[in-house]
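J.: Below is the sequence, then the predicted model.
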Number of protein chains: 2
Amino acid sequence: MKVEHDRILLAHGGGGSLSGKLVREVFLPAFDNPALSRLDDSAVVELTGDRIALTTDAFVVSPLFFPGGDIGTLAIAGTVNDLAVAGAVPAYLTCAFVLEEGFPIAHLQRIVTSMAATAAEAGVRLVAGDTKVVERGKADGVYITTAGVGVLRDLPAGWGAPSPGDAVLVNGPVGNHGFAVLATREGLRFETPIESDCAPLDSLVAALFGKGIALRFLRDATRGGVAAVMNELAVGHAWGVALDSASIPIEPAVRSLGELLGIDPLYSANEGTLVAVVAASDAERALEAMRAHPRGALAAVIGSIEDGLTGLVTLDTEFGGRRILDMPLSEQLPRIC
Amino acid sequence: MKVEHDRILLAHGGGGSLSGKLVREVFLPAFDNPALSRLDDSAVVELTGDRIALTTDAFVVSPLFFPGGDIGTLAIAGTVNDLAVAGAVPAYLTCAFVLEEGFPIAHLQRIVTSMAATAAEAGVRLVAGDTKVVERGKADGVYITTAGVGVLRDLPAGWGAPSPGDAVLVNGPVGNHGFAVLATREGLRFETPIESDCAPLDSLVAALFGKGIALRFLRDATRGGVAAVMNELAVGHAWGVALDSASIPIEPAVRSLGELLGIDPLYSANEGTLVAVVAASDAERALEAMRAHPRGALAAVIGSIEDGLTGLVTLDTEFGGRRILDMPLSEQLPRIC
């Protein structure tokens, strides 16, 4: 580590030579690419395609580090996933750091290393950035905002328009991220720690395209979990979403902790959970495509679009009943991402 | 105001129905456009041009409101200006808010109104956003990160390559933003308050293109002021920048306060100050183009690129001397933008 000071000073955010030092010694080695390395106020990049997707997310997760990832993994995966589920191929990201004075530079380096690894996995380049520093007690270590741009794919007919009969799939166990962060925050220890699912989903999404699968809707189920995503999808329609409890993959540790704390894993945040709606006739092929991907080995059909549910989301329980999964008023845990 | 609660709650950042309410009642009315209104995780927009500019900035200015603008004006103008000086036509912006629990929603509305007005002036659309809320004492009211995308113009030959003899211009008085924020922060009162220059510069930049002017370099002189921008330009070259003190426009109030506090206006931050380097033969035309624009009425040629200065920036004083303007170690005032 060549950085002189081992903690962030206000001057690291001042735009002068100390800022430059931080950029050269922490950010550039991790993110090195020609567009970023010019260090101009804007990056100039090539982008072929007239329809693009743009997105941004601020990340304020607490704690910064948790099993399965950290704020850096989240900041890249979250933005990559927003682009991917919009039907775009993620291309370029920007990131801005708000650092608290006194934040250990070693922690920043660890976060930046996670960001670089996640960006490499997703095949995106981080081409522009900014760093600001605020006084002690005016932030909580670090907040990161990423923005991303991607090029829209050719989308299949019926994209954005699910209809009764369509199948609802997920790529794997739901609820992990929320419980991983909660357990870390509360100092809960388990024999097998619950790991966040946070991961970039672009290659999993790519695996669903180009196969003639009638994809209707893709979403990463983040804050508010699968229940929130399904409610956002259904609201205002004559149809609704009927989920089948027995089919929904949930890790035993997540299920147990959920029961203990009274938190339903369907409402718990995810950061690498893809919800896909496809025509029923293509459900099997979509499932195969997901299962052939490392992040989809436990993919499952968890329900279907059902006529007459008038915008509601229902859950068929393992005891033969059916209950309504309401739209959550808010994510149950603050600062989950 | 239809928002039920008059202060920000943690749940406003939770991604649930309270977040939705904030979006519908505060953000959408201000920024309304078709791409944003879909409220998808990504905005899908048209962008024609294979070479694009991308940029991001985090804004943490304190205080949030100051004469001539507020954090919202800054957040839009700063990102628009980074795109404009890269030679791009700003097109789309994203923004992410990190709000402190308890922040008055009326303040947020005032900021959002400034953002919308500045975006309208710049002709950019704000197409994607995110809101997170942190607990009291974990932020300072609000931090805003914007990112922007623009389409690169056809750039003139010699762009990016100033050479000895070229003229250096500014569009108006320098140093205002830093002094406006400092005066507000310290509660200093003047007969005529010092106003921040913060403003979008895209139309001023546009006025310099398409006229055959041999533009070499454009930059908005933000943190570290004109002195920092000139040092960044000169470093590593055989030539340097020779500025002429008598030609540099500085408002009398800025000059007086600078002398009182020992802060050189050339090192004070600006947020609407364009530094342009053009071929000497085109200096007069560039000056005319600037002066014909409302934000360039007091434009001036303030110096030139001079051979043999080996990367230095010098200032010819009004007493006939010449001194070196060093690269600042850091912006003198923390949280100036």
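T.: Looks like it came in fine.
J.: can you pull the buried residues of stretch A:263-281?
T.: Residues of stretch A:263-281 classed as buried by neighbour count (16 or more other C-beta atoms under 10 Å in any protein chain shown): A:263-279. All C-beta spots, glycine's among them, are computed from the backbone N, C-alpha and C.
J.: ok, now stretch A:251-260?
T.: Residues of stretch A:251-260 classed as buried: A:E251, A:A253, A:V254, A:L257, A:G258 (neighbour count, 16+ other C-beta under 10 Å).
J.: Stretch A:326-337 now?
T.: The neighbour-count check on stretch A:326-337 (16+ other C-beta under 10 Å) flags A:M327, A:P328, A:S330, A:E331, A:Q332, A:L333, A:P334, A:R335, A:I336, A:C337 as buried.
J.: Select from those residues every entry located in strands.
T.: Judged by DSSP state E, those include no members of strands.
J.: any chance of these in TSV, with pLDDT and distance to B:A167 too?
T.: TSV is the format used below for the buried residues of stretch A:326-337 (pLDDT from 0 to 100; distance: C-beta to C-beta, whole Å):
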residue	pLDDT	distance to B:A167
A:M327	88	61
A:P328	83	60
A:S330	72	57
A:E331	73	56
A:Q332	75	61
A:L333	84	58
A:P334	87	54
A:R335	93	51
A:I336	92	54
A:C337	93	50
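J.: picking that back up, of all the buried residues of stretch A:251-260, which comes closest to chain B?
T.: A:G258 (18.1 Å; C-beta to the nearest C-beta).
J.: quick one: what helix or strand has that closest one in it?
T.: helix A:252-261 (DSSP states H and E).
J.: Where do the helices of the stretch 101-250 of chain A begin and end?
T.: Ranges of helices in the stretch 101-250 of chain A, per DSSP state H, counting those that start in this stretch, are A:105-122, A:176-186, A:202-206, A:225-234.
J.: Buried ones in the longest one, by neighbour count?
T.: Just to be clear, that refers to helix A:105-122. A:105, A:107-112, A:114-116, A:118-119, A:121-122.
J.: what's the closest non-adjacent residue to A:S247?
T.: The shortest distance from A:S247 to any non-neighbouring residue, by C-beta to C-beta, 6 or more residues apart in numbering or on different chains, is to A:I302 (4.9 Å).
J.: next helix or strand past the strand or helix carrying that neighbour?
T.: Using DSSP H and E, A:I302 sits within strand A:300-306. Using DSSP H and E, the next helix or strand after strand A:300-306 towards the C-terminus is strand A:313-316.
J.: list the helices and strands that following strand packs on?
T.: helix A:225-234, strand A:240-244, strand A:322-324 (3 or more C-beta pairs under 8 Å, 6 or more residues apart in numbering or on different chains; DSSP states H and E).
J.: List the buried residues in the lowest-mean-pLDDT helix or strand in chain A.
T.: Of all helical and strand segments in chain A, the minimum by mean pLDDT, DSSP states H and E falls on helix A:34-37, at a mean of 82. Across helix A:34-37, burial judged by 16+ other C-beta under 10 Å covers A:A35, A:L36.
J.: now that helix, how far from the chain's geometric center?
T.: 26 Å (C-alpha atoms, centre = their mean, to the nearest Å).
J.: swap in stretch A:135-147?
T.: For stretch A:135-147, the distance from its own C-alpha centre to the chain's C-alpha centre is 19 Å (C-alpha atoms, centre = their mean).
J.: So that stretch, near chain B or not?
T.: Yes - on the criterion C-beta under 8 Å from any C-beta of the partner chain, stretch A:135-147 is in touch with chain B at A:E135, A:G137, A:K138, A:A139, A:D140, A:Y143, A:T145, A:A147.
J.: ok, now stretch A:208-220?
T.: Yes - judged by C-beta under 8 Å from any C-beta, stretch A:208-220 comes into contact with chain B through A:R219, A:D220.
J.: State the mean pLDDT of that stretch.
T.: On average, the pLDDT along stretch A:208-220 is 96.
J.: Pull the contacting residues for A:C95.
T.: Shown in contact with A:C95 (C-beta atoms under 8 Å, 6 or more residues apart in numbering or on different chains): A:A75, A:M115, A:L126, A:A128, A:G129, A:D130, A:I144, A:T145, A:T146, A:A147, B:T56.
J.: Type out the ChimeraX command that picks the buried ones from these.
T.: To isolate the buried members of those in ChimeraX, using 16+ other C-beta under 10 Å:
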select /A:75,115,126,128,129,130,144,145,146,147 /B:56
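J.: now, which of the contacts of A:C95 sits nearest A:F27?
T.: Proximity of the contacts of A:C95 to A:F27 was ranked by C-beta to C-beta; the top entry is A:G129 with 6.2 Å.
J.: ok now do the closest one, which residues does it touch?
T.: A:V23, A:F27, A:F31, A:L36, A:T94, A:C95, A:A96, A:F97, B:T56.
J.: and which of those is nearest to A:T222?
T.: Ranked by distance to A:T222 (C-beta to C-beta), those are led by A:C95 at 18.0 Å.
J.: per-residue pLDDT, the closest one?
T.: Residue-level pLDDT assigned to A:C95 equals 97.
J.: Go back to the buried residues of stretch A:263-281 and keep what's next to chain B.
T.: Checked against chain B using C-beta under 8 Å from any C-beta, the buried residues of stretch A:263-281 yield no neighbours at all.
J.: Mind listing what's buried along stretch A:40-49?
T.: Within stretch A:40-49, the residues that qualify as buried are A:D40, A:D41, A:S42, A:A43, A:V44, A:V45, A:L47, counting by 16+ other C-beta under 10 Å.
J.: Show me which pair in those is furthest apart.
T.: Most distant of the buried residues of stretch A:40-49, by C-beta to C-beta, are A:D41 and A:L47, 18.4 Å apart.
J.: Deepest-packed of the helices and strands packed on strand A:313-316, please.
T.: Neighbour counts (mean count of other C-beta atoms under 10 Å in any protein chain shown) averaged over each of the helices and strands packed on strand A:313-316 peak at helix A:225-234, with a mean of 25.
J.: Okay, angle between that one and strand A:300-306 too, please.
T.: Relative orientation of helix A:225-234 versus strand A:300-306 (axes from the mean of the first three to the mean of the last three C-alpha atoms, to 10 degrees): 30 degrees.
J.: close to chain B, is helix A:225-234?
T.: Yes - using C-beta under 8 Å from any C-beta, we find that helix A:225-234 touches chain B at A:A228.
J.: From the contact counts, what lies against that helix?
T.: By 3+ C-beta pairs under 8 Å, 6+ apart, helix A:225-234 packs against strand A:215-220, strand A:240-244, strand A:274-278, strand A:313-316.
J.: And the contacts of it?
T.: With C-beta under 8 Å, 6+ apart, helix A:225-234 has contacts from A:162, A:168, A:170, A:174-175, A:178, A:217, A:219, A:221, A:240-241, A:243, A:248, A:264-270, A:273, A:275, A:277, A:302, A:309, A:311-313, A:325-328, B:15-16.
J.: these two touch, right, the residue nearest to A:S247 and A:N171?
T.: No - counting by C-beta atoms under 8 Å, A:I302 sits too far from A:N171 to count as a contact (10.6 Å).
J.: Return the set of buried residues in stretch A:303-319.
T.: Quick answer for stretch A:303-319 (16+ other C-beta under 10 Å): A:G303, A:S304, A:I305, A:E306, A:L309, A:L312, A:V313, A:T314, A:L315, A:D316.
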